[in-house]
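Engineer: Give the three-dimensional model of this entry:
(2 chains)
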Amino acid sequence: MKTVTLAHGNGGAENQELISKVFYRAFKNDILNKSEDAAIIQDGSLAFTTDSFTVSPLFFNGADIGKLAVCGTCNDLAMMGAKPKYLTCSVIIEEGFEIKSLEKIVRSMKEELAKNDAIVVSGDTKVVPKGSVDKIFINTTGIGEVQQKGISSNAISEDDVIIVSRDVGAHGATIFAAREGMDINTDLQSDCASLWIQVKALLDAGIKITALRDATRGGVSAVLNEWANQSNVCIEVQEEKVPVADEVKGICELLGFEAMSLANEGTFVLALPKEEAQKVLDVLAQFDNSKNASIIGSVSQAYEKRVVLHSPWGTKRFLELPTGELLPRIC
Amino acid sequence: MNDELELKDLYDGFRDADTIKAFAKIIEEDAKKLGKTINIMEVCGGHTHTIMKYGIPQLLPDNINFIHGPGCPVCIMPKERIDSAYILSLQEDVILVTLGDMIKVPGSKGSLQDARAKGADVRFVYSPLDCIKIAKENPSKKVIFFAIGFETTTPMTCSLLEAVVKQEINNVYFHINHVTVPEVMKELIDSRDEHVDSYNNRIDAFLGPSHVSVISGSKIYEQFPEHYKRPVVVAGFEPVDVMQAISMLVKQFIENRCELEIEYKRLVSYDGNKRAQEMMDKYFKKVMFKWRGLGNIPTSGLELKDEYNKYNAKEIYKDVLPIEEIEDHKLCICGDILRGIANPPDCTVFGTACKPTKPIGSCMVSSEGACAAYYKYGNLLK
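Structural biologist: Coordinates of the predicted model:
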């Protein structure tokens, strides 16, 4: 690892290597080492997280960079059972950027903040010469109030089952379809959404959740691999139970991707005791964007720290962490 | 009722669990009559990945064995050609354009990804024709298309050249690295060095890559059953395709036949796509190509005909491009893997020093490489 390449930002294996070898090595402490979606601080009462957002194109089916920037940070808080409360907003803007576009982005942020009942309480603006950044980068940092303590990706056991909240890969596939040069006509929309609403409903129903994570970069395969690794278990997934929209499947076919490795911005994975599973499906069924929630797998000790994918015809293979830049196949 | 063909129609039925299980049963029954093990070489890396991804060996009896072949365009690229791409990308005012995985393959100087991190303008495209748009948007730059791939991708390079000539675009150049399949298959059987004798007897039959035959027709494999006594079934890339093709091969053995058959009849014909073949003949000539791990194979490569030299980056940049051969890493056995005489886990650096995130050999880099397939899916295989 001599220089940083785009592969180091893939949410997969190279990304983890960069983080652990450079940042964790320097900053290590008990809170950071837990590698949760948000840090739990103040005796477990607060969740604290930060995220930077860069996306091309800035506006796409179903969302834009502003909505992403609020959903991303609020969702990281929600995934720790915390209600998003206060956000900061820091933007780096390339000179020449249209004020109209900026206003559109900020309007999206405002709408999404309202859904979370959260507010921006501090911010920063930098403008840099043309070419220094790609149009606009947004950083949001958030603080949330923990409503249910003890949700942790380090606590998954054989008593748990794995649920995914909706069909996977919609955001990644939408962005690929929207990229210049792709010429793919599709009605596909990013799944970008605030998840606190659903998490709150689960908590209000008294459901005991073991682990929660939104499947962003690296997709569901990255979440499951991280969980298997952090909890020292084997996660066994029934491939036919994983919901994937036909259009996402089609784009994966064209480009040689796996839907489970594509990014999501409003899809989360849950680990919880088997006996709670049906209750979770009942709660999630009340929401439009989680009515297709599905129990996709179980936990065992068959292959420690690995994720095993079972095919409908009785074979199995490992589901690996995605590696490299997501590139199309050659022939 | 909407009669329009949807993308999912192309694969839906071809991943049907009941059909796959039914073929597994047929193969199991038929294989009992074989009385020996048959080694089937899947020539193409796309097939290797299908076989691994869908766990096909787990469905087959012990006497049906796969040998992985040399059919991955990235894996067979010798280091000096990757170095050429790297060097070209760092030339002044150059935009280097290529397809997918090529960006990740390390040469002796680094990969195109490394060159990009150094400031080179390296882009990948889904269609070579996108080079025209890039060239028009960057009139002061030289757009070099680093063309790779077998018969499947060659017609797309021809289309780009045709468009460049017709539209009189003067800033698109080509570095051609196209190769053809039958020559390397012949080499695997024909060659007389000590390695080859050992696998000459190993390959009992071939799974022919269907995408190649969509262009070139199944006729290109005719010599293998006729002259070399190896049956060939041209197969698609879905799990049902592969299972059906294996069943067809097993039936040939138990019925004592040795033929060229097409499983992928939905797109492959005996003659193939004549228009594409004409374009290839118009722009390219057959040349010797040095294959990584396999050495020089006569007439297995394609090069621009001399009349198109003004588009040939190898001519224009000949002063900076490498001419000396570069040895592969001493511990890497990609060569033996491409020859079908070793399996990825036989390599001492497999999964340790050589992983997809830090590949030593190209078979671990390419998404179509055998090592990448084993690393990604293979550990559970029997």
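Engineer: use CA for all of it now, contacts and neighbours both
Structural biologist: Noted.
Engineer: Spatially, and excluding backbone neighbours, which residue is closest to the most centrally placed residue in chain B.
Structural biologist: What sits nearest the mean C-alpha location of chain B, by CA atoms, centre = their mean, is B:Cys72, with 2.9 Å. The shortest distance from B:Cys72 to any non-neighbouring residue, by CA to CA, 6 or more residues apart in numbering or on different chains, is to B:Gly45 (4.9 Å).
Engineer: Contacts only, for that neighbour.
Structural biologist: Contact partners of B:Gly45, counting by CA atoms under 8 Å, 6 or more residues apart in numbering or on different chains, are B:His68, B:Gly69, B:Pro70, B:Gly71, B:Cys72, B:Glu368, B:Gly369, B:Ala370.
Engineer: what do you get if the cut-off is 7 Å, keeping everything else the same?
Structural biologist: By CA atoms under 7 Å, 6 or more residues apart in numbering or on different chains, B:Gly45 lies in contact with B:Gly71, B:Cys72, B:Glu368, B:Gly369, B:Ala370.
Engineer: beta partners of the nearest residue to B:Asp204 once chain neighbours are set aside?
Structural biologist: Nearest residue to B:Asp204, sequence neighbours excluded (CA to CA, 6+ apart): B:Asn39, at 5.2 Å. Beta bridges link B:Asn39 to B:Asn65 when assigned by DSSP bridges.
Engineer: ranges for the strands of the stretch 251-382 of chain B?
Structural biologist: Applying DSSP state E, counting those that start in this stretch to the stretch 251-382 of chain B gives strands spanning B:260-262, B:284-291, B:295-304.
Engineer: Show me the one of the ones you listed that comes nearest A:Asn225.
Structural biologist: Closest approach to A:Asn225 among the strands of the stretch 251-382 of chain B (CA to CA): strand B:284-291, 36.8 Å.
Engineer: contacts for that closest one?
Structural biologist: With CA under 7 Å, 6+ apart, strand B:284-291 has contacts from B:76-78, B:296-305.
Engineer: Quick one, which of those are buried?
Structural biologist: Buried by 16 or more other CA atoms under 10 Å in any protein chain shown: B:Ile76, B:Met77, B:Pro78, B:Ile297, B:Ser300, B:Gly301, B:Leu302, B:Glu303, B:Leu304, out of those.
Engineer: picking that back up, put together CSV for the strands of the stretch 251-382 of chain B, with mean pLDDT on each row.
Structural biologist: Putting the strands of the stretch 251-382 of chain B into CSV (pLDDT from 0 to 100) gives the following:
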stretch, mean pLDDT
strand B:260-262, 98
strand B:284-291, 96
strand B:295-304, 95
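Engineer: quick one, which of those strands is nearest to B:Gly361?
Structural biologist: Closest to B:Gly361 of the strands of the stretch 251-382 of chain B, according to CA to CA: strand B:284-291, at 13.6 Å.
Engineer: just to revisit the earlier point, you'd agree the residue nearest to the centre of chain B is up against B:Cys44?
Structural biologist: Yes - using CA atoms under 7 Å, B:Cys72 is in contact with B:Cys44, at 6.2 Å.
Engineer: Pull the helix or strand B:Ile87 falls within out as CSV, backbone CA atoms only.
Structural biologist: Here B:Ile87, judged by DSSP states H and E, is contained in helix B:79-89. The C-alpha trace of helix B:79-89 is given here as CSV (Å, rounded to 0.1, in the frame of the first residue of the first chain):
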residue,chain,number,x,y,z
LYS,B,79,4.0,-8.0,-18.3
GLU,B,80,5.6,-6.1,-21.1
ARG,B,81,2.2,-5.3,-22.6
ILE,B,82,0.9,-4.1,-19.2
ASP,B,83,4.0,-2.0,-18.9
SER,B,84,3.3,-0.5,-22.3
ALA,B,85,-0.2,0.6,-21.1
TYR,B,86,1.4,2.0,-18.0
ILE,B,87,4.0,3.9,-20.0
LEU,B,88,1.5,5.2,-22.5
SER,B,89,-0.8,6.5,-19.8
